[in-house]
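[1] Need coordinates for the below:
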Amino acid sequence: MRVGVVGGGLAGALLAWRLREASDRVRVEVVALGRSVVDASAVSGGLVRGFEVDPDAGRDAADSLAEVRSDARLREWSGYREIGSSYLLPRGVDPTGSVRVVDERLPGSAEVVDAAELRRRFGYRDLRDDAVAVVERHAGYLSPARLRDSALAWAVEHGVHVVRTAVTGVVTGPTLRTSDGSVREYDAVVVAAGAWSPGLVEHGGTLRTKQIQYGVHRVDLPGLGAFVDEDTGLYGRPRGDGTFLLGLGCDRWDLAPGDVRPDPGLADRVAAEARRRFGVPVEVSPPELVVASSDCYHASAGLRLRPAGPGLFTFTGGSGGAAKTAVAASRIAAGGVLNSS
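    You can find the predicted model right below:
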């Protein structure tokens, strides 16, 4: 079986690794964008945890984290750092089922805490009295870029061929046309090109791009670890040297990857929310660094393999945080590709 993987980001690299590791009879070719392209894998904050509000999404997240923690190779490849996490839930959400999913895979990691505990342990301020969060011991962050590079390097050492050229067309058959004028035919093609995917494959309008952005702020938030605050949309993690990576959701949709520009107003809102939520000084402008990129979203959130035509699939459509599910999702996706032959 000959498989073409379009995209050399985290999703494409892990899929190539999984396919090659699954069978030495599978010939895998990764058609990657040029080295000068800055993709979501290169700039992602890499927050990883087991808990998700949706238990189905939580299974992939918890499975991924459990595999990273139990596999010395993956820990080294990803640079995983375990610093714990807190996830402040929207009002009215019952976390019981999702916490059970985490506990099955990461026993003893997750606990549900109330507003008083959030104030005492993590420094949260301006909380509603009925605030509830899920706190995980076994959580933290990794480097998607390091994991991508390591997985792809292993794949190349074990026979995967990497072609660095732009893909100009993807058609069922399945066939790729590239900017060097070549036509490449496969038994299966998987488009895992992140924000470039909507421009390469028709998927019923369900693939869309969205800007992602965070800033690196000099602020002291001792003991907080990685966090997501669904009340405000704020998220972040320690970055080191007295700085914290902080972000908010961005509402810039359907941008071409080359049209992404940092939004100074969003950076100011991040600083204002952090000051209000944690009661510490955060300079409004400018942060030490603002990082902006884009990612691919699907109408049904989640990084998974989706059919797009005979022999043609997409492996994209995350929710802006695909790093936390990519290890498990790539294993499932590789099985889907191999079973399609």
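
[2] for the chain, what helix or strand is lowest in average pLDDT?
    Using mean pLDDT, DSSP states H and E, the weakest-scoring helix or strand in the chain turns out to be helix 40-43, at a mean of 66.

[3] Next secondary structure after that one?
    Following helix 40-43 in sequence order, the next helix or strand is strand 47-48 (DSSP states H and E).

[4] what helices or strands is whichever helix or strand comes after that following strand leaning on?
    Using DSSP H and E, the helix or strand that follows strand 47-48 in sequence is helix 55-70. If you count contacts as 3 or more CB pairs under 8 Å, 6 or more residues apart in numbering; DSSP states H and E, helix 55-70 packs onto strand 47-48, helix 72-78, helix 96-105, helix 326-339. No exception for glycine: its C-beta is placed from N, CA and C like everyone else's.

[5] Who are the packing partners of the host helix or strand of residue 20?
    Using DSSP H and E, residue 20 sits in helix 10-22. Judged by 3+ CB pairs under 8 Å, 6+ apart, the packing partners of helix 10-22 are strand 2-6, strand 27-32, helix 144-157, strand 312-316, helix 326-339.

[6] which of the residues in it are buried?
    For helix 10-22, burial by neighbour count (16 or more other CB atoms under 10 Å) applies to 10-20.

[7] Please, where are all the helices along the stretch 201-341 of the chain?
    Under the criterion DSSP state H, counting those that start in this stretch, the stretch 201-341 of the chain contains helices at 264-278, 326-339.

[8] Give me whichever of those helices is most buried.
    Mean neighbours per residue, mean count of other CB atoms under 10 Å, is largest over the helices of the stretch 201-341 of the chain for helix 326-339, with a mean of 21.

[9] For it, the averaged confidence score.
    Per-residue pLDDT over helix 326-339 has a mean of 96.

[10] quick one, strands of the stretch 151-300 of the chain?
    Per DSSP state E, counting those that start in this stretch, the stretch 151-300 of the chain carries strands over the ranges 161-164, 167-171, 175-178, 183-185, 188-191, 207-218, 226-229, 234-240, 243-247, 289-298.

[11] Next, the buried residues of the fourth one.
    What it means is strand 183-185. For strand 183-185, burial by neighbour count (16+ other CB under 10 Å) applies to residue 184.

[12] which intervals of the protein have sub-threshold pLDDT?
    Across the chain, the ranges flagged by pLDDT under 70 are 34-43, 203-205, 283-285, 318-321.

[13] Farthest from the middle of it: give me that residue.
    Counting by CA atoms, centre = their mean, the extreme residue of the chain relative to its mean C-alpha position is residue 181, 32.4 Å from that point.

[14] and residue 140, what does it touch?
    By CB atoms under 8 Å, 6 or more residues apart in numbering, the residues touching residue 140 are 47-49, 80-85, 225-226, 237.

[15] got CSV for the residues you listed, with neighbour count and distance to residue 150 too?
    Converted to CSV, those look like this (neighbours: other CB atoms under 10 Å; distance: CB to CB, whole Å):
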residue, neighbour count, distance to residue 150
47, 21, 19
48, 29, 16
49, 30, 21
80, 20, 12
81, 17, 16
82, 19, 18
83, 14, 21
84, 19, 24
85, 28, 23
225, 22, 25
226, 25, 22
237, 25, 21
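
[16] List just the nearest of those to residue 157.
    Taking CB to CB as the measure, residue 157 sits nearest to residue 80 out of these, at 21.8 Å.

[17] Let me see the contact set for that closest one.
    Neighbour list for residue 80: 48, 68-69, 74, 140-142 [criterion: CB under 8 Å, 6+ apart].

[18] again, 7 Å this time
    Residue 80 sits next to 68, 140, 142 when contact means CB atoms under 7 Å, 6 or more residues apart in numbering.

[19] Output those in a markdown table, with distance to residue 3 appended to each entry.
    Listed next are these as a markdown table, based on distance: CB to CB, whole Å:
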| residue | distance to residue 3 |
| --- | --- |
| 68 | 25 |
| 140 | 33 |
| 142 | 26 |
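
[20] Quick one: closest of the helices and strands packed on helix 55-70 to residue 3.
    Of all the helices and strands packed on helix 55-70, helix 326-339 sits nearest to residue 3, with 6.1 Å by CB to CB.

[21] who touches the closest one?
    For helix 326-339, the external contacting residues (CB under 7 Å, 6+ apart) are 3, 10-11, 14-15, 18-19, 22-23, 26, 60, 63-64, 67-68, 74, 188, 190, 303-305, 313, 315.

[22] Quick one: distance of that helix to the chain centre.
    Averaged C-alpha coordinates place helix 326-339 at 16 Å from its chain's average position (CA atoms, centre = their mean, to the nearest Å).

[23] Convert that helix to PDB, retaining C-alpha atoms only.
    Only the C-alpha atoms of helix 326-339 are listed here, as PDB (Å, rounded to 0.1, in the frame of the first residue of the first chain):
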ATOM      1  CA  ALA A 326      -2.600  14.100  18.500                       C
ATOM      2  CA  VAL A 327      -0.800  11.000  19.900                       C
ATOM      3  CA  ALA A 328      -4.000   8.900  20.300                       C
ATOM      4  CA  ALA A 329      -5.700  10.400  17.300                       C
ATOM      5  CA  SER A 330      -2.800   9.500  15.000                       C
ATOM      6  CA  ARG A 331      -2.900   5.900  16.100                       C
ATOM      7  CA  ILE A 332      -6.600   5.700  15.400                       C
ATOM      8  CA  ALA A 333      -6.200   7.500  12.100                       C
ATOM      9  CA  ALA A 334      -3.400   5.100  10.900                       C
ATOM     10  CA  GLY A 335      -5.700   2.200  11.600                       C
ATOM     11  CA  GLY A 336      -8.400   3.800   9.600                       C
ATOM     12  CA  VAL A 337      -6.100   4.300   6.600                       C
ATOM     13  CA  LEU A 338      -4.700   0.800   6.700                       C
ATOM     14  CA  ASN A 339      -8.200  -0.700   7.000                       C
END
